[in-house]
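generate coordinates for the sequence data below:
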Amino acid sequence: MFLIGSNASADKRYVKRRRTDFQSWLWGEVVLSGLLAASLALFLAYPALRTQYDRPQLLLVLETTMALVGVLVALLAAARFSVVGLRTDLLLAAGFLVGSLSAVAFAIVPVLDGGSLNRADGWAFLAGSIAAQGLVAVAPFVSGRSRARDRALKDAVLAAAIALVAAWLLLRAHSGRLPALTSLPGAGETPPGLVSALAVQALFDLLAVVGWGRRLAKTGDDLAMWLALGFTLQLFAALHLVFTPPRGTTYVAAGEFLRVLAFALILVGAWRAIRSAELGRAVAEERARVAREIHDGLAQYLFAVSTNAQMLAAGTPVEEVGPQLKQAAALAQQEARFAVLALSSASGTSTFDSALRRYVEFLTADGELEVDLEIDPAIRLAPDEQIEIFRIVQEGLGNVRRHANATCAEVVIGQRSSGERFVAIEDDGEGFPPDVATAGQGLRNMRDRASSIEGGFSIRSTPGRGTALEVVLRT
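Sure, this is the predicted structure:
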């Protein structure tokens, strides 16, 4: 029994690189934690450094900045979830969304209305922050993918909104029994409920650091590294508040600046992650498209070559098989050349023109159908448009040849005076009733291909008077 990867020749470069990245992060985490711990110890050793400033405008700016950053991170995490489908990203998006919504609803809007935070608003804001950090802390420990991604995102947003409203109503109903949110000098000890809530917040931050560091070690996820660094700063910001609770709801403490820096790091990581996810989706889509091109084109002609070769080997006279074999081989060669176009990013239409004209020549070689092909030399087509237009014309003329009993067809690829680019295929065949326009697989394929390049597709046909279809390309 052989173990996969046990061979000395197995490529372990990615595993080594991931281990190196984790070790680099770990050393950076140790240095950062040491510096923050030293500053916290200095802060605790010298009470004179525990300065808090009564700056309500500055606090409002900081809270608004963090709320906006939280919304951006939630959107970026949701975008990556829509691409990859990881439940981790869903929880991450939900966590930052809950935190931002609670900040806006309970810490920003009441102040903008000209008032100050009452106990219900203050505790609702704190409860929302704790719930948000709990979701983010749990996220790295969750595995698996979600299939109903759009529904999952909608359910998460709805659940977050309902939970926040329910928490606010509950706290509002019991606001008279809620402890104070401040620790004023000379007013006695800090309310134990406030200290406990701040300690839970710090505990969730610690769990987030451990969880995202663990995820970095297991998967090498770049976002996990940034989240671990950000929540390290969040952890020490929370510890500052545990040891020195705020003197009032309008006071700015040192921990607030650490929180702003933490959000900035997390935003950078989320942006890098979504760019990587979009690149991965683009690569996957390109692979699927190339596979479809090979299946729809080259594979069919190679099958024809194989079939004719088997007939020749079975004793069929060369005079019968030779022409078909030669034609199938020529078509396969043309398809191979066009597959190169599918992987090419070169602009222009010369290769496209020659490939399409060659296809028309093969299609009309037996004289049963006459095709007039007109391509505007001034028209510019993107590589993806060239590929799909070629397939649409190929499918359209194939339908004319097989089903329309037409003698003549016209293909126009041009540009109107308004700048609108279009592809039109028209024949003089039998036509078909309007209800058949959506029934055929070939028509559905052409419609899907037009949609894939953001083009509009229309078809009209009258029995006995032929068929005309048009694709209007994106502007």
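
from here on, contacts and neighbour counts on C-alpha atoms
Fine.

for the helix or strand where Lys218 lies, name the packing helices and strands.
Taking DSSP states H and E as the criterion, the element that holds Lys218 is helix 192-219. Counting contacts by 3 or more CA pairs under 8 Å, 6 or more residues apart in numbering; DSSP states H and E, helix 192-219 packs against helix 13-45, helix 119-138, helix 222-243.

looking at those, which one has the lowest mean pLDDT?
Sorting these by mean pLDDT places helix 13-45 lowest, at a mean of 75.

what's the angle from it to helix 192-219?
160 degrees (axes from the mean of the first three to the mean of the last three CA atoms, to 10 degrees).

for helix 13-45, name the packing helices and strands.
When contacts are defined as 3+ CA pairs under 8 Å, 6+ apart, helix 13-45 packs onto helix 192-219, helix 222-243.

hmm, back to that, could you give the mean pLDDT of the helix holding Lys218?
86.

buried stuff in it?
For helix 192-219, a neighbour-count test (16 or more other CA atoms under 10 Å) marks 194-195, 197-217 as buried.

where along the stretch 301-450 of the chain do the strands fall?
370-375, 408-415, 421-427 (DSSP state E, counting those that start in this stretch).

tell me which of the ones you listed sits most buried.
Among the strands of the stretch 301-450 of the chain, strand 421-427 has the highest mean neighbour count (mean count of other CA atoms under 10 Å), at a mean of 22.

please export the C-alpha coordinates of that one as CSV.
Extracted as CSV, the C-alpha positions of strand 421-427 are listed here (Å, rounded to 0.1, in the frame of the first residue of the first chain):
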residue,chain,number,x,y,z
ARG,A,421,-22.7,46.0,-32.9
PHE,A,422,-24.8,43.1,-34.0
VAL,A,423,-24.8,39.6,-35.5
ALA,A,424,-27.6,38.6,-37.9
ILE,A,425,-28.4,35.2,-39.5
GLU,A,426,-31.2,34.9,-42.0
ASP,A,427,-32.4,32.1,-44.3
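
quick one: it to strand 408-415, angle?
On the basis of the same axes, to 10 degrees, strand 421-427 is oriented at 170 degrees to strand 408-415.

ok, strand 421-427: who's next to it in the sheet?
strand 408-415 (antiparallel), strand 467-472 (antiparallel) (DSSP bridges).

give me the contacts around that strand.
The contact list for strand 421-427 (CA atoms under 8 Å, 6 or more residues apart in numbering) reads 379, 389, 393, 396-397, 400, 406-416, 466-475.

before we move on, the earlier item: in CSV, list the strands of the stretch 301-450 of the chain along with mean pLDDT and distance to Pro56.
Converted to CSV, these look like this (pLDDT from 0 to 100; distance: least, CA to CA, whole Å):
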stretch, mean pLDDT, distance to Pro56
strand 370-375, 92, 68
strand 408-415, 94, 61
strand 421-427, 94, 58
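
on that earlier part again, if any of the contacts of strand 421-427 are buried, put those into a ChimeraX selection.
This is how ChimeraX selects the buried members of those, with burial counted by 16+ other CA under 10 Å:
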select :389,393,396,397,400,406,408,409,410,411,412,413,414,415,466,467,468,469,470,471,472,473
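
end-to-end on stretch 450-468?
In stretch 450-468, first residue to last residue: 15 Å (CA to CA, to the nearest Å).

hey, where'd the strands end up in the stretch 51-200 of the chain?
Taking DSSP E, counting those that start in this stretch as the test, the strands found in the stretch 51-200 of the chain are 53-54.

report back the residue of the protein that's furthest from centre.
Pro317 (57.0 Å; CA atoms, centre = their mean).

for Arg460, which non-adjacent residue is spatially closest?
Computed as CA to CA, 6 or more residues apart in numbering, the closest residue to Arg460 that is not its neighbour in sequence is Ala468, at 5.5 Å.

need the pLDDT of that neighbour.
91.

same check, this time on Phe141
Reported pLDDT for Phe141: 91.

list the residues that contact it.
Listed by CA under 8 Å, 6+ apart, the contact set of Phe141 reads Thr88, Gly211, Arg215.

adding distance to Gln23, write these out as TSV.
Shown next, in TSV, are those (distance: CA to CA, whole Å):
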residue	distance to Gln23
Thr88	23
Gly211	16
Arg215	13
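
Asp384: which of those is nearest?
Thr88 (33.7 Å; CA to CA).

what's near enough to touch the closest one?
Ala139, Pro140, Phe141, Val142, Ser143.

try Leu97
So Leu97 contacts Gly70, Val71, Ala74, Ala132, Val157, Ala160 (CA under 8 Å, 6+ apart).

next, count neighbours for the fifth one.
Yep, that's Val157 we're talking about. When neighbours are counted by other CA atoms under 10 Å, Val157 registers 14.

how close does it get to Val98?
Counting by CA to CA, the separation of Val157 from Val98 is 9 Å.

now the fourth one
With the distance defined as CA to CA, Ala132 ends up 5 Å from Val98.

looking at the two, which is more packed in?
Between Ala132 and Val98, Val98 has the larger neighbour count (other CA under 10 Å), namely 29 against 26.

so Leu135 sits against Gly99, correct?
No - Leu135 is not in contact with Gly99 according to CA atoms under 8 Å; the separation is 9.9 Å.

tell me which of those two has more neighbours.
The neighbour count for Leu135 versus Gly99, taken as other CA under 10 Å, is higher for Gly99 (27 against 22).

any idea how far the more buried one is from Trp27?
30 Å.

go on, Pro246?
Here the criterion is CA to CA. By it, Pro246 lies 33 Å from Trp27.

compare these two (neighbour count), which wins?
Legend: neighbour count by other CA under 10 Å for Pro246 and Trp27, higher for Pro246 (21 against 11).

surely the more buried one forms part of a strand?
No - under DSSP: H, G, I helix; E, B strand; the rest coil, Pro246 falls outside any strand and is assigned coil.

ok, it touching Glu256?
No - using CA under 8 Å, Pro246 is not in contact with Glu256; the gap is 10.7 Å.

my guess is the residue nearest to Arg460 meets Ser461, correct?
Yes - with contacts defined as CA under 8 Å, Ala468 counts as touching Ser461 at a distance of 6.3 Å.

got the domain ranges for this structure?
Under the assignment automatic domain parsing, the domains of the chain span 14-283, 347-475.

quick one on the thing from earlier: of all the strands paired with strand 421-427, which one is nearest Leu373?
Nearest to Leu373, of all these, is strand 408-415, at 4.8 Å by CA to CA.
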